[in-house]
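> Show me the folded form of this:
(2 chains)
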2 protein chains.
Amino acid sequence: MHTDYVAALDIGGTKIAGALVDGTGGVLVRAQRPTPAKESGERIMGAVEEVFGELMADPLWVGASAVGIGSAGPVDATAGTVSPVNVPGWRGFPLVERVRAVTGGLPVTLVGDGVAIAAAEHWQGAARGHDNALCMVVSTGVGGGLVLGGALHPGPTGNAGHIGHISVDLDGDLCPCGSRGCVERIASGPNIARWAMGAGWQPGPDGDATAAAVAASAAAGHPIATAAFERAAQALAAGIAATATLVEVDLVVIGGGVSKAGEVLFGPLRRSLRDYATLSFVQGLKVAPAMTGTDGGLVGAAAATGLGARGLGARDGDAAVVGG
Amino acid sequence: MHTDYVAALDIGGTKIAGALVDGTGGVLVRAQRPTPAKESGERIMGAVEEVFGELMADPLWVGASAVGIGSAGPVDATAGTVSPVNVPGWRGFPLVERVRAVTGGLPVTLVGDGVAIAAAEHWQGAARGHDNALCMVVSTGVGGGLVLGGALHPGPTGNAGHIGHISVDLDGDLCPCGSRGCVERIASGPNIARWAMGAGWQPGPDGDATAAAVAASAAAGHPIATAAFERAAQALAAGIAATATLVEVDLVVIGGGVSKAGEVLFGPLRRSLRDYATLSFVQGLKVAPAMTGTDGGLVGAAAATGLGARGLGARDGDAAVVGG
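Have a look, this model is predicted:
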């Protein structure tokens, strides 16, 4: 019996990471390239091919039985295409077909990056053992994915859980997505910093005007910085409560750069959830920080193929292989 | 081979309806009592027992293999209890256990009334053949239920799809549920009428100040009445777009009294959806009026037991019965 691996691909606006992931979630044989985000679709695909070239040159590749891709969205799992907002060279790019060709015909599963993080947190992280959970990334953007009834819920196109672009302020500021008052438009790192500066917060002598600097000010008791995180927490709470009320999740897991603010974010978030998650069946909603780190995207892309559900080191076809 | 029936119970704030439902969705042997909503829990249960008494006196009762209950919420399918907002005598009332006892031990499925409507529309109505749909009732309140991946999604407690109480206006008016800016707080019939009168709309000589009267004014071109429906449509669109963005539904079915306004509601709703359902994977979202009528609650309660999925007239145990 040989070990089963999944080739995982994590596609973001700045880097394309690949690895083999084993049945315990171990990440082996890494490869990475910067995303040539401003270049042509074929140049970007060239970077993907280089990543696979490194992985396929490894002796462990022989155990690779499937490919899982988590990509910046939107994706279209039905068509097998990706159109990452920050990678203009890829619009409806047939990534699944191209990766299948590169890997000699391995089955390919495609999901959005938020869905991949949810898969990782459900398999290995804070959502482990939870049948109904929302997993979020609060960073430059706000993304998410859902676990419903014990299984990942990618939705038909692989984009479900896109909480960053639900409106919690129907008359609010226009969002780059075209809607108004989206959760991301209020609660992402850049929007937290923008709100703070608009209300009079000033960066320190180092000139750092990021949400991390606002968080440091808030931790030191600065009232405007504190208010900036309270406003973000309010928008997150409204979106999280909406999700729980719609699909019944009892846990929300939050990762990403802004979540590093810790209690500066989680404290007001838990308080705001009491204001918005009011119906009896959502009052017990818990909040937890994410446990998977930078490898979450790779582990989750692998998990989205069903690797975690297949168990530790077992392979779907093993019985047949042994019996044949 | 005898025919399989499900005993369906539809519990609302004004009436308790019961029937036998066959495998084609046919509604037979009806019974009904007013809900003694202001009385004790036992008096209300007495009305339920009278409904079952009538059903059980019918010769067809011998074919009843299960009970499906759709109840005004919140419900708790895990605990088997109901706590309908407008029936104060029932708070955590153990309806499932009591109905099981009354019916001699039949298996009982409990869901919220919005979930029941979704089950009915998926089985027999406008959502037939759709694997991912939101079904709504816009009336005195706003409720809903979800079909995901081809199956009803009641959620662990039977309350999923509760779109009336998601906030689309996080700084908005306080809702009786305790939250702010809920879809129901803006788009329910009474709130449409309230908004119209607040903006200067006046009822006609008959004094009718309901949403139906506002709809009639809007259909006749009254600008304030038109604006009242546009505002409701905007809130509904924000909530529907949020739902589609979170779980990927491609159809929303809308019934209930306010939906009788027809294009006065559906026209601005379709326009507003273009403003809020902006991401590529939700732009194709369609809106359709509900097809099931007043029997929807009964048919849906029956469908929630899996009756529709079991097929036309067939019975789970039929093969065994024939073979035994």
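
> Return the distance of the residue nearest to A:A228 when sequence neighbours are not counted relative to A:E184.
Leaving out its chain neighbours, the residue that sits closest to A:A228 by Cβ to Cβ, 6 or more residues apart in numbering or on different chains is A:A196, at 3.9 Å. In short, each C-beta sits where N, CA and C put it, glycine included. Taking Cβ to Cβ, to the nearest Å as the measure, A:A196 falls 17 Å from A:E184.

> quick one, which of these two is more surrounded?
A:A196 (28 against 25; other Cβ atoms under 10 Å in any protein chain shown).

> ranges for the strands of chain A?
Using DSSP state E, the strands of chain A run over A:5-11, A:15-22, A:27-34, A:64-71, A:75-76, A:81-82, A:108-112, A:133-138, A:142-148, A:151-152, A:251-255, A:286-289.

> could those strands be laid out in a markdown table, adding distance to B:M291?
Listed next are the strands of chain A as a markdown table, based on distance: least, Cβ to Cβ, whole Å:
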| stretch | distance to B:M291 |
| --- | --- |
| strand A:5-11 | 43 |
| strand A:15-22 | 47 |
| strand A:27-34 | 51 |
| strand A:64-71 | 39 |
| strand A:75-76 | 30 |
| strand A:81-82 | 35 |
| strand A:108-112 | 33 |
| strand A:133-138 | 32 |
| strand A:142-148 | 27 |
| strand A:151-152 | 30 |
| strand A:251-255 | 36 |
| strand A:286-289 | 39 |
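
> which of the residues in the lengthiest helix in chain A are buried?
For chain A, the helix with the greatest residue count under DSSP state H is helix A:223-247. For helix A:223-247, a neighbour-count test (16 or more other Cβ atoms under 10 Å in any protein chain shown) marks A:224-247 as buried.

> Quick one: work out the angle between that helix and strand B:133-138.
Orientation check (axes from the mean of the first three to the mean of the last three Cα atoms, to 10 degrees): helix A:223-247 against strand B:133-138 gives 100 degrees.

> Could you tell me the per-residue confidence at A:G308?
Note for A:G308: predicted pLDDT of 72.

> What is the neighbour count of it?
Applying other Cβ under 10 Å, I find that A:G308 has 24 neighbouring residues.

> out of everything not next to it in sequence, what's closest to it?
A:W123 (3.8 Å).

> And for A:V258?
A:V138 (4.1 Å).

> so how far is A:S179 from that neighbour?
18 Å.

> If you count surrounding residues, which of those two has more?
A:V138 (30 against 25).

> quick one on the thing from earlier: mind checking how far the residue nearest to A:G308 is from chain B?
Computed as Cβ to the nearest Cβ, to the nearest Å, the A:W123 to chain B distance reads 20 Å.

> Thought A:A303 was touching that residue, still the case?
Yes. The criterion here is Cβ atoms under 8 Å, and A:W123 meets it with A:A303 at 4.5 Å.

> Find residues that contact each of those two.
A:G25 (Cβ atoms under 8 Å, 6 or more residues apart in numbering or on different chains).

> So for these two, which residue has more residues nearby?
Taking other Cβ under 10 Å, A:W123 and A:A303 do not tie; A:A303 has more neighbours (30 against 22).

> which non-adjacent residue is nearest the more buried one?
Nearest non-adjacent residue to A:A303 (Cβ to Cβ, 6+ apart): A:A119, at 3.8 Å.

> Over to A:R100?
Closest to A:R100 by Cβ to Cβ, 6+ apart is A:V108, at 5.2 Å.

> Now do the helices in the stretch 201-324 of chain A.
A:211-219, A:223-247, A:263-276, A:296-303, A:307-310, A:318-323 (DSSP state H, counting those that start in this stretch).

> Against which helices or strands is the first one packed?
When contacts are defined as 3 or more Cβ pairs under 8 Å, 6 or more residues apart in numbering or on different chains; DSSP states H and E, helix A:211-219 sits against helix A:189-198, helix A:223-247, helix A:263-276.

> Many thanks, have a good one.
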